[in-house]
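Chemist: Model the structure of this input:
(4 chains)
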Protein chains: 4
Amino acid sequence: MRFFSDNAAPACPAVMDALVAANRLDTAYDGDAWSQRMDAAFSDLFETQVTAIWVGTGTAANCLALAALCPPTGGILAHRYSHIEMDEAGAPGFYTHGAKIMLLDGDGAKIAPDAIDAAVGLVRKDVHQVQPAALSVTNATEYGLAYTPAEMAALGERAKAHDLGFHVDGARFANAVVSTGASPAELTWKAGVDALSFGFIKNGGMNAEALILFDKIHADNIRRMKKRAGHLSSKGRFAAAQILAMLENDVWLDNARAANAAATTLAEACGKERLVYPVEANELFVKMTADEAAAIRATGFDFYDWAPGEVRLVTSWDQDMDAVDKLAEAIRSL
Amino acid sequence: MRFFSDNAAPACPAVMDALVAANRLDTAYDGDAWSQRMDAAFSDLFETQVTAIWVGTGTAANCLALAALCPPTGGILAHRYSHIEMDEAGAPGFYTHGAKIMLLDGDGAKIAPDAIDAAVGLVRKDVHQVQPAALSVTNATEYGLAYTPAEMAALGERAKAHDLGFHVDGARFANAVVSTGASPAELTWKAGVDALSFGFIKNGGMNAEALILFDKIHADNIRRMKKRAGHLSSKGRFAAAQILAMLENDVWLDNARAANAAATTLAEACGKERLVYPVEANELFVKMTADEAAAIRATGFDFYDWAPGEVRLVTSWDQDMDAVDKLAEAIRSL
Amino acid sequence: MRFFSDNAAPACPAVMDALVAANRLDTAYDGDAWSQRMDAAFSDLFETQVTAIWVGTGTAANCLALAALCPPTGGILAHRYSHIEMDEAGAPGFYTHGAKIMLLDGDGAKIAPDAIDAAVGLVRKDVHQVQPAALSVTNATEYGLAYTPAEMAALGERAKAHDLGFHVDGARFANAVVSTGASPAELTWKAGVDALSFGFIKNGGMNAEALILFDKIHADNIRRMKKRAGHLSSKGRFAAAQILAMLENDVWLDNARAANAAATTLAEACGKERLVYPVEANELFVKMTADEAAAIRATGFDFYDWAPGEVRLVTSWDQDMDAVDKLAEAIRSL
Amino acid sequence: MRFFSDNAAPACPAVMDALVAANRLDTAYDGDAWSQRMDAAFSDLFETQVTAIWVGTGTAANCLALAALCPPTGGILAHRYSHIEMDEAGAPGFYTHGAKIMLLDGDGAKIAPDAIDAAVGLVRKDVHQVQPAALSVTNATEYGLAYTPAEMAALGERAKAHDLGFHVDGARFANAVVSTGASPAELTWKAGVDALSFGFIKNGGMNAEALILFDKIHADNIRRMKKRAGHLSSKGRFAAAQILAMLENDVWLDNARAANAAATTLAEACGKERLVYPVEANELFVKMTADEAAAIRATGFDFYDWAPGEVRLVTSWDQDMDAVDKLAEAIRSL
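Modeler: Numbers count the residues shown, from 1 in each chain, chains lettered A, B, ... in the order given. Purely as a prediction, here's the structure:
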């Protein structure tokens, strides 16, 4: 019973069915019927006209957005523990041709509006220093916290005040939507977001994510950069089809609800003392001695040690609730 | 009945079955059981120890190889009509950080050893001129010609003489293997090839290609560049599984044989007068007046106009042989 | 008596005097009095408001302009024998982050308007092919030909029609101005030029060139890129002072007149049969057998062999006219 | 009487004389007699065989070295307040094609060996995280502290242990040599340094710095990168000549001694309470209220406010000692 990573989970049935249904002759690249439906499907979801571009990984989605929002000479404000800084092998530097990530602090990988002002305030407005050009936040954060619409709007307001493009890494956007009860629109363009990496893979997809652009200006340039980065799959219908299948019938929301519910069950078992952060998505960071962790593992559960005296539990769209209940029980009985 | 592009064809049954079989919990990225079997499977096929790395597109495979073989300050000898020059949106320039493609001529997008000597000979050996560092050829070529082992060896010999890394774009490598009757080894490392982009997608795959490295030195660097380019899919087992499924039971060869056979049938119908190049893979470039093309299209066949008085026909792994026979008949009766 | 290169010539007296005069305490970088006078001085010369930025080399001037006019995903139309293609070690690829130089032909390194149409016409307007974004021509060309205002206007008209930025490499712009009798304005912005690399070094400067921007939009971005490329000299007053000294009292014109006059004297001695191209600046490409070249060298003259049966002679601002007359005589007596 | 910046100072007489002496016809680029003498002159100075390459700015010297020592996928350990991080407009990102600067802390911009271990220890050895590849320290630091040979050796030992290339930004290397009394060798290759940006401009030069390579392997690649970055000045003799002139007769040491002595005089006037850091080169950071600063300025002295309650004083090679004594007196009488 593994609580390692939502990347380890399989693809959900709707995705597998969609791949089979899409497995017929159609136009190559993104000229097929599925790819052509992307914009409309996401425009419905976001209640405004958007451009939706499929790519194969969250890193590609993030970095294409950042490259559109930040020139090579510019800087990207992001959290010290953000995925783009910590776990993308320097991909933002590659895609932006050397723009600098400017690191912000904040508990649980969450950025406060004041941190933006402070960081911008430190930069002299001359040619010797790199000027901030974009802000990137992750919702839900890398430590499982969700920004509310009000929090996003406050960030967007600061971004606008400092003339920063605003990108959201939504690898777990679905979990944030479910957790906050907010609409996709409220968490994005209504708060001033310019581009969203809308994650599907961790949430039951196979190998496609969506990059959502709320500002049509960037689309052509991003399409070129995507091709130039080798991300224009020649049988693109398989990417579009799996994404559309998750939008239909709210599969993406159902999957995220399941993962979040499992996390909530575990969070209740842990209690406030054990939790390093509030649980607002599908990740838990739990204080646990090495002996305690060993005891739990001995009963058949797998998970990562995160730091001395701290473990990480991640729940997935398909998490078996019996296993969750058993793990909750095991934690309670420590 | 479409003869547009092998990219338009569906994925073959072995691939679809493999995706279903791989759809279970496993380690993320390339830590899964399938990814771990890649090196061994391709080492068997190539009769030598190789490193095999899955990526999502041929452009990514080509450009990772080129970035490993050519520094930013260097040049890549390639054909004027090569895919990397014509149809990858400048991706080699992105991945190599600005290396220059140095264009060679040759009928049917095929490069002769003399052309390499001539191009290298034109370059002054000083810091003012870009120095050639790599050679990239496509087998089968973009115009459907196959290099034989002897031809490849002659190219490899020139590459070695000029200290050039040697890359093969094998988007249609399977078609070349079938066409020449040569072994994968003979067409690659035995001829001095350092890296091969081994195509599966046009040949019945869904969205995975293999980059084969015959020189172990490059592997670590390429793995980093792959991640940095956003090509390390988090559920990589789906990439590895589809590739392995095509290797098993020689699916890749059967698929290529089917496509080549269809092309051969059409080539015979065309006759030498109509064919712009010999047909040695699954593409035909056929002289045809606009009226003739219209007449054939009127009977239900779709294909691209390629140039004034010239059309392109591409056959796929799943080409319906009845349709092929009908098209052959239609061409004969022009 | 050397006719190798105008880069081998010394700096002219006005430049040396200016360096001495500028050798006092002033604000660092480009905050000094001299740098601050650049815009006004060049605006006077060009009869319109321009931005003038000093840099240390022609390569830097060219590539900063190209990087401003062409995105990484774009292409630069330039002559096959242009300096940016042949002799800058791939610098355009570095500064533009991998944009492609698209090569045009034309006698004497001169580009005809039709060649632009033809090159643009070959490109499909899709994401698979690199789209031309800029045109770069050299005036006077690498083979000593000068574009007239009418020729420049025709090029500018094609650039505008195809939405191309228009850059001029003016390493020998002074020679072209003298040769054509045109005003700097006629050869640049009146013909649609967006940016000019205005060369001073070959014409008697020490180590400063001017990048002239006719479109104010680009200036801020270019200043950042210049700093980021390590070209913002901390004692910039020495760069600005030498450039201003050459503008004052028409030193730049006098120097170019002297070099062109020397070339004209030699051209007359050569006669039409020997000249590969008309002599419209300070370079001559002269048909000469190896024996003839040896005979001339034996009388004390140095110059480069350019091709079999062809030598290159370059005259400089300080060319000794006695030596020129002697060389002319030697050529006549062949 | 200005204490703003050593970049504001003029060039010293030896440099001006050398420019005049070099102002004659010679081979272009770095084929001239002066450039050819660089390696030998610096090999003498460093008591080992080195390669010495002139460039126009310290940013170019730093970034060429970093690009040689760190791949695009790697990281550079440097101080949070280092010049490469703070004041080079992201140039390291440009030259390295997007490598990441990994920030270390330490008083006075000085790095302790432990900080290196700590930073390296935080990085997982996988493809998801950027791996440190180089260490860059500034000697004297941006806050006027000098590393001793023992301190440098300790850093070099940590660099070697972690397989890091080791670069020194020596914009004020001369001041560090004078301050520590160490030999150039002891502060560089004897301590494991691979490359040194040897600054001349702040110390009385005009527009040339030297990049010293202690490892011959990198030289060819760096020469190509230098040309590609537009830093191969066509009349390179003027760069080489001014550097050589400062080496001869120990001009570089005399100039640094003068600047350091002026700083020492001021430091003594300030006393320990006012000094933010010990004064070990030619910069002072002095605690001073706004009123105090205004009082001093009223007596004719100019300098920068650095932080609330703190000013910066920089002394130059040509600092008038009367002015220094007057400023010392003014500070004492606060």
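Chemist: Please list the residues of chain A that sit near chain D.
Modeler: A:72-73, A:75, A:86-90, A:93-94, A:96-101, A:103, A:127-130 (Cβ under 8 Å from any Cβ of the partner chain). To be clear about C-beta, it is placed using only N, CA and C from the backbone, and glycine gets the same treatment.
Chemist: ok, now with 7 Å
Modeler: Proximity of chain A to chain D (Cβ under 7 Å from any Cβ of the partner chain) is limited to residues A:72-73, A:86-87, A:89-90, A:93-94, A:97-100, A:127-130.
Chemist: Of the residues you listed, which pair is most distant in space?
Modeler: Of all pairs drawn from those, the one with the longest distance (Cβ to Cβ) is A:D87 and A:V127, at 32.0 Å.
Chemist: I'd say A:V123 and A:Q131 touch.
Modeler: Yes: in this structure, A:V123 is within contact of A:Q131 by Cβ atoms under 7 Å, at 6.3 Å.
Chemist: higher neighbour count, those two?
Modeler: Counting neighbours by other Cβ atoms under 10 Å in any protein chain shown for A:V123 and for A:Q131 shows that A:Q131 has the greater number, 23 against 15.
Chemist: Look up how far chain D lies from A:T141.
Modeler: Using Cβ to the nearest Cβ, to the nearest Å, one gets 18 Å for the distance from A:T141 to chain D.
Chemist: pLDDT below threshold where in the stretch 201-334 of chain A?
Modeler: For the stretch 201-334 of chain A, the stretches flagged by pLDDT under 70 are A:216.
Chemist: Quick check: the residue of it nearest chain B.
Modeler: Residue of the stretch 201-334 of chain A nearest chain B, by Cβ to the nearest Cβ: A:G230 (3.4 Å).
Chemist: Correct me if wrong, but that residue is in a strand.
Modeler: No: counting by DSSP: H, G, I helix; E, B strand; the rest coil, A:G230 is not part of a strand but coil.
Chemist: got the end-to-end distance for stretch A:108-127?
Modeler: 34 Å (Cα to Cα, to the nearest Å).
Chemist: buried set for that stretch?
Modeler: Counting neighbours by 16 or more other Cβ atoms under 10 Å in any protein chain shown, one finds that the buried residues in stretch A:108-127 are A:G108, A:A109, A:K110, A:I111, A:A112, A:P113, A:A115, A:I116, A:A119, A:V120, A:V127.
Chemist: Check the closest residue to the fifth one other than its chain neighbours and give its pLDDT.
Modeler: Counting by Cβ to Cβ, 6 or more residues apart in numbering or on different chains, the nearest residue to A:A112 once its immediate chain neighbours are dropped is A:G106, at 5.6 Å. On pLDDT, A:G106 comes in at 98.
Chemist: So A:G106 sits against A:H79, correct?
Modeler: Yes: at 6.1 Å, A:G106 and A:H79 qualify as touching, with contact defined as Cβ under 7 Å.
Chemist: Between these two, point out the one with more neighbours.
Modeler: Using other Cβ under 10 Å as the criterion, A:G106 and A:H79 rank with A:H79 on top: 26 against 16.
Chemist: residues contacting that one?
Modeler: Neighbour list for A:H79: A:L104, A:G106, A:A109, A:I111 [criterion: Cβ atoms under 7 Å, 6 or more residues apart in numbering or on different chains].
Chemist: of the residues you listed, closest to chain C?
Modeler: A:L104 (22.7 Å).
Chemist: element containing A:A52, please.
Modeler: Element membership for A:A52, per DSSP states H and E: strand A:51-55.
Chemist: For the helix or strand following that strand, give me every contacting residue.
Modeler: Beyond strand A:51-55 on the C-terminal side, the first helix or strand identified by DSSP H and E is helix A:58-69. Contacts to helix A:58-69, defined as Cβ under 7 Å, 6+ apart, come from residues A:55, A:76, A:84, A:88, A:91-92, A:95-96, A:133-134, A:136, A:165, A:167, A:169, A:171, A:194-195, A:197, A:199, A:209, A:211, A:218, A:221-222, A:225-226, A:229, A:231, B:230.
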